[in-house]
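Q: Would you be able to build a 3D model of this:
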Amino acid sequence: MVTAKGRCLCGAVAYAVEGPLRPIVYCHCTMCRRSTGHFLAATACAVSDLRLIGDEHLRWYDSSPEAQRGFCDRCGSNLFWRPNDGTRVSIAAGSLERPTGLRVLAHIHVADKGDYYELDDGIAQHLDGAHGVPLKIAP
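A: Residues are numbered from 1 along each chain as shown. Sure, this is the predicted structure:
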């Protein structure tokens with residue numbers, strides 16, 4: 001059962017999710033800000049639930065010793081983030097087709113947020129990446 005579909009801006013990289021999605025978190029870490037131009041709104045799924053439909057132009061960048069970022073090499077769309085431990089894959093929420101049915105859970109890495117904006121939307125804020133809701137992977 002497909003629960004979500006998405007793609008990059010040009011359509012060269014497309015995907016389907018066949019399982020639950022985590023609520024959206026806004027990540028304000030320096031790497032997410034640099035790779036997106038602001039901050040990243042992301043959901044996540046189990047690695048086994050992500051099915052790539054078009055991936056000829058998907059490239060993975062080792063952005064740190066802990067994780068990789070997936071993007072389209074044609075249009076540059078930032079699509080995925082995955083830790084090297086293989087526990088999950090985060091998906092850029094803006095790449096999902098609507099309706100998503102998702103809601104924002106929290107801001108994370110707010111200690112790194114840009115100095116040009118305020119966080120005054122009433123959503124929970126966490127100094128680091130611990131937002132308190134792990135991805136629940138069904139057995």
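Q: quick one, helices of this structure?
A: With DSSP state H applied, the chain shows helices at 30-36, listed in chain order.
Q: The helix or strand bottoming out on mean pLDDT in it pairs with which strands, parallel or anti?
A: Least confident helix or strand, the chain: strand 124-125 with a mean of 92, by mean pLDDT, DSSP states H and E. The partner list of strand 124-125 in its sheet, established with DSSP bridges, is strand 104-108 (parallel).
Q: Give me the contact list for the partner strand.
A: Under the contact criterion Cβ atoms under 8 Å, 6 or more residues apart in numbering, strand 104-108 has outside partners 22-29, 41, 113, 119, 123-126, 128-133. C-beta coordinates here come from the backbone N, C-alpha and C atoms, glycine included.
Q: what do you get if the cut-off is 10 Å, keeping everything else the same?
A: By Cβ atoms under 10 Å, 6 or more residues apart in numbering, the list of residues contacting strand 104-108 from outside reads 22-29, 32, 39-43, 93, 113, 119, 121, 123-133.
Q: And stretch 50-57, by the same measure?
A: Stretch 50-57 is contacted from outside by 2, 4-8, 10-19, 44, 58, 70-75, 77, 80, 82, 88-89, 91, using Cβ under 10 Å, 6+ apart.
Q: Just read off the phi/psi values of His109.
A: phi 60, psi 40 (degrees, to the nearest 10).
Q: ok, the nearest residue to it once chain neighbours are set aside - contacts?
A: Setting aside the residues directly before and after it, His109 is nearest to Cys29 in space (Cβ to Cβ, 6 or more residues apart in numbering), at 3.9 Å. Taking Cβ under 10 Å, 6+ apart as the contact definition, Cys29 lies against Ser35, Phe39, Leu40, Ser64, Ile108, His109, Val110, Ala111, Asp112, Lys113, Asp128, Gly129.
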